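Peer 1: Just need the structure, nothing else, for what follows:
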Amino acid sequence: MNGFGWQVQFVEQQLASWAGVCPGTNESAGKRKSSRVPKGNVYLKTGLVEAANAASRARGTYLRDKFYRLKARRGYKRATVAVAHKILVAIYHMVSQQVSYNDLGDLYLDKLNKNHLTGNLVHRLERLGYVVTLTPQQQAA
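Peer 2: Have a look, this model is predicted:
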């Protein structure tokens with residue numbers, strides 16, 4: 001990095017706010033209140049949301065995996081806006097650094113924290129009434 005990482009992050013935040021896809025929070029004294037997504041640039045926001053909808057249907061991509069993980073927790077519309085935000089940030093980095101898009105793949109988030117995923121899957125099986133014993137798979141020589 002060039003030592004100006006905080007400036008790049010600040011520009012990303014401003015761009016997301018201008019486009020109307022920034023994550024918003026309205027919390028006071030530990031109490032969460034309803035917060036709406038800002039209006040922003042209507043044309044850009046519409047295009048980003050449509051691109052997010054299309055990305056959520058493309059098989060084997062990072063954005064589809066991210067969408068379904070968020071949808072399970074937050075709902076369809078919030079997940080769509082979050083993916084639109086990810087697309088905008090990716091576009092910003094591609095234009096500012098003059099690089100092409102490199103999709104991380106649908107297994108990226110699983111590989112990121114393997115122990116966390118394993119614990120979640122074991123817990124889900126135990127809730128269904130199974131006794132789970134984990135043994136590592138032997139590596140072929």
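
Peer 1: alpha carbons only for contacts and neighbour counts from here, please
Peer 2: OK.

Peer 1: Report pLDDT for residue 21.
Peer 2: Predicted confidence (pLDDT) for residue 21: 85.

Peer 1: Kindly report the same for the one 5 residues further on.
Peer 2: According to the per-residue confidence, residue 26 scores 70 in pLDDT.

Peer 1: ok, it to residue 110 distance?
Peer 2: 31 Å (C-alpha to C-alpha, to the nearest Å).

Peer 1: ok, now residue 134?
Peer 2: Residue 134 is 18 Å from residue 110, where distance means C-alpha to C-alpha.

Peer 1: Tell me which of these two has more neighbours.
Peer 2: Neighbour count, other C-alpha atoms under 10 Å: between residue 134 and residue 110, residue 110 has more, with 13 against 7.

Peer 1: wouldn't that one be in contact with residue 120 here?
Peer 2: No: with contact defined as C-alpha atoms under 8 Å, residue 110 does not reach residue 120; the gap is 11.3 Å.
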